[in-house]
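Enquirer: Sequence first, then the predicted structure:
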Amino acid sequence: MYGLRQMGWLVTAISFYVLAVGLLGSPTATSAVQQTGNQLQYSCPDLQVPDDPSCNRTCRETIGTALLGIYGALKCEDEPEALWHQVDDLCQNCSWGPSYCCWPGVFCCSEQDHTSVMLDGPDDCAGATPMSVFHLAMRGFNLSGTLDADVIEHLAFLNRSGLHTLDLSSNHIAGTLPASIGQLTNLKSINLNLNNITGELPVTISHLTNLQHFYASFNRLIGSLEGRFCTAPDSPLYSLILRANNFATTVNFTACSNLGLLDVSDNFFHGHLPVSVNNGMLVSLRASNNRFNRTIPEDIWRLPQLATLELANNDLVGTLSPYMGSGNNLVNIRLGNNSLTGTIPGNLTSNSQMLLLELYDNIGLYGTFPAIQSMVGIRTLDFHNTSISGTIPEIWASFPYLEYVDITSTRMTCCTSQAYVDATPVNDLLPKFLFFDGNLTQYDAARGIEDKDLLDPVQPTDLMCGSVQRDTSLQRDEWNYFDLPVTNNALSKQKWHISPVYSWYKNCTCTPGFDQDNSPSARVPVVKTTLWCKNWSAPWQGDCLDMYTFQCRLHEEPQLSLQGKVGLALGGALMFVVLVVAANMCMAYASKVRRLYVRAKMRLQGVPKHGKMSLVVTDIEGYSDIFKRAPEVMYCALMLHNGVIRAAKFANCGFVLEQEGDSFTLAFYDAFDAVAFCLQAQQALLAVQWPEGLGLDDEQHSIGSLSKRQPSRLQRRLSQLLTSGARRRSKPAVQSGQLCSVV
């Protein structure tokens, strides 16, 4: 509750800081702060505040100067203009008091009725000077520096005027606490959490006889705490939070009769626990992660107000007291990772207010669970790595608020006979409200066995075992024995962790790469259950269990017969042939695609204008004479001729430079394309069906003979090489600049 009130004050302080910043440039704001040497002097006029004999103008100036001195000594050098250091904004029209009452984190008492001027702030101004500061909240102000004598002197003046609460948490304050801190005798609360304070707490802190709350967690404090707290009779100290420091001594707070909250966790304290029956007001004791190495006093269980007891990760010894369940207010018990022994007291489970019970990593705890039907509000049960035995009680199904259960590495088993396990379906080995799902998790079967030589070489150690889930399909009246106002949706949050030993490894299988052998002759005894009977620190109740498990053999691939090997060889050869054919087809297709891409790119370049190029000139022999004898027929033949030339030109990336009658002048970027054009054009002209009536007298050169002439073998070979894109790496036969005449 106190922490929530502090947060409310901080939010209020931030809101007033926003208000103060909003007053920038206001015509009524006044810059009246003077500086003497390194000390800022408060001299705001505060005209709206009338003088009062108890706190006149001089009184207010002294309070303001003290506040400036505190922040000036602790300000962060990286932010020189932060917060109070904005000198031009310090004097404001604060409607309810002096300007400093509107500064961030400053809470003042009113002048009329000695109450807080902050509507949602702490109201603790009794006996304070009007317009004085009773609460200074500088949490998270990015402060640095040390709490030296000058800072304490300013705080002491404010303390004499009415300062009751000081919050310097979440900053970067370093150094040690000075002995002069004992001057702050009127302080009721000091919060130094999350700083870099070192050294010992000064003995003079015992002079703070009105101190009710002291917070100094997450610092680097060391040394003894003897004579620091509760030295005066009936000390009002209620909260003492010293978590996460470097204390490494014994500690005793039994004289703090009003102590309600004690947190000394994450230190190096040792010896006895620091409380007793004298701490009758104690509500919460947190002492985890220390080195306390004595027994838990029975007095602790008799504390009437105790609600939280956290003693995990210590070296506590002894048995659990029979008074463990006598406190009806006890709701959280954390005793994990100690050296406790004995059985669980029966009255522990009679507390219906219990929310959390953790006894894990206490291998000396044994016996069965007592009847816990009264723990209807329980949320967490953690008993892993203990020697608890027995079965999961069916009554656990009636705990609708249960969220987490861990009974791995315990002695709990479903049955006492291997024959019964073999004859029972795996899900029937669990209570009816649980079942094994299909999710497999890895489990180390050798966990908890220190002497690995006891393991059978063929016994599996790494297994894959099914996890356990709550069955939410049961009807409400099948599990809600107490008729609580909850539904099946609450059950879906439950997480169950159960050791495979509980089901005698029937929910397990071998890890991948191994074959499971379930034959009776292949079974091997489980060493873990055999050791249960030999553990004298946690005696086994009843007959020893003869538990057996399957073997996991390395998976071996079957050997192929001669016919299988021959078939495999033939299949491989056939596959090789198919791959070769496919590769050849892919290469041919790729070559064609590449050729098309290169030619398209060459066409986009346009007519060659400079550099190396190849020129080709074509002409029809006797064109003029034939045109005179048969102009119409020759015109038709000219159209066929021109079509052949243009088609061959495009196919070989040529460009027409000039055309005159029957003559073409063409340019090529590559001599190879020029030669290919010549050969392709000649072959195409031989294949054209020329029109009759050209009137050629020479039979050898007649149109009919030309149309029927077939390319020679050399021509066909050249055409195949040229049109397929095959090129030699050697120098081409036709050089750039050579001319080729097509007849």
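Expert: Now that the structure is in, tell me what you want to look at.

Enquirer: switch to C-alpha atoms for all contacts and neighbour counts from now on
Expert: OK.

Enquirer: In terms of helices and strands, where is Phe576?
Expert: Under DSSP states H and E, the secondary-structure element containing Phe576 is helix 562-604.

Enquirer: try Thr529
Expert: The secondary structure element spanning Thr529 is helix 527-532 (assigned by DSSP H and E).

Enquirer: residues contacting Thr165?
Expert: Shown in contact with Thr165 (Cα atoms under 8 Å, 6 or more residues apart in numbering): Phe134, His135, Leu136, Ala137, Leu187, Lys188, Ser189, Ile190.

Enquirer: Find the nearest non-adjacent residue to Pro370, please.
Expert: Distance criterion Cα to Cα, 6 or more residues apart in numbering; nearest residue to Pro370, sequence neighbours excluded, is Gly346 at 5.2 Å.

Enquirer: Verify the stated contact: the one you found with Gln373.
Expert: No: using Cα atoms under 8 Å, Gly346 makes no contact with Gln373, being 11.5 Å away.

Enquirer: So the two - more neighbours on which side?
Expert: Legend: neighbour count by other Cα atoms under 10 Å for Gly346 and Gln373, higher for Gln373 (19 against 15).

Enquirer: ok, for that one, nearest residue in space, not its chain neighbours?
Expert: What sits nearest to Gln373 in space, not counting adjacent residues and going by Cα to Cα, 6+ apart, is Ile395, at 6.1 Å.

Enquirer: And that neighbour, how far from Ser473?
Expert: Between Ile395 and Ser473 the distance, using Cα to Cα, to the nearest Å, works out to 17 Å.

Enquirer: Could you do Asn293 as well?
Expert: Asn293 sits 47 Å away from Ser473, going by Cα to Cα.

Enquirer: which of the two has more neighbours?
Expert: Under the neighbour definition other Cα under 10 Å, Asn293 and Ser473 were set side by side, and Asn293 has more, 18 against 9.

Enquirer: ok now do the more buried one, which residues does it touch?
Expert: With contacts taken as Cα under 8 Å, 6+ apart, Asn293 has the following neighbours: His270, Gly271, His272, Asn314, Asp315, Leu316, Val317.

Enquirer: Among those residues, which one has the most neighbours?
Expert: Tallying neighbours with other Cα under 10 Å puts Leu316 at the head of these, with 26 neighbours.

Enquirer: my guess is that one contacts Ile296, does it?
Expert: Yes: the pair Leu316 and Ile296 passes the contact test of Cα under 8 Å, sitting 7.1 Å apart.

Enquirer: quick one: contacts for Leu562?
Expert: Contacts of Leu562 by Cα under 8 Å, 6+ apart: none found.

Enquirer: Just the pLDDT at it, thanks.
Expert: The predicted local distance difference test score for Leu562 is 81.

Enquirer: Just the buried positions in the longest strand along the chain, please.
Expert: The strand that spans the most residues within the chain, counting by DSSP state E, is strand 434-444. Along strand 434-444, the positions that meet the burial threshold by neighbour count (16 or more other Cα atoms under 10 Å) are Leu434, Phe435, Phe436, Leu440, Tyr443.

Enquirer: Many thanks, we can stop here.
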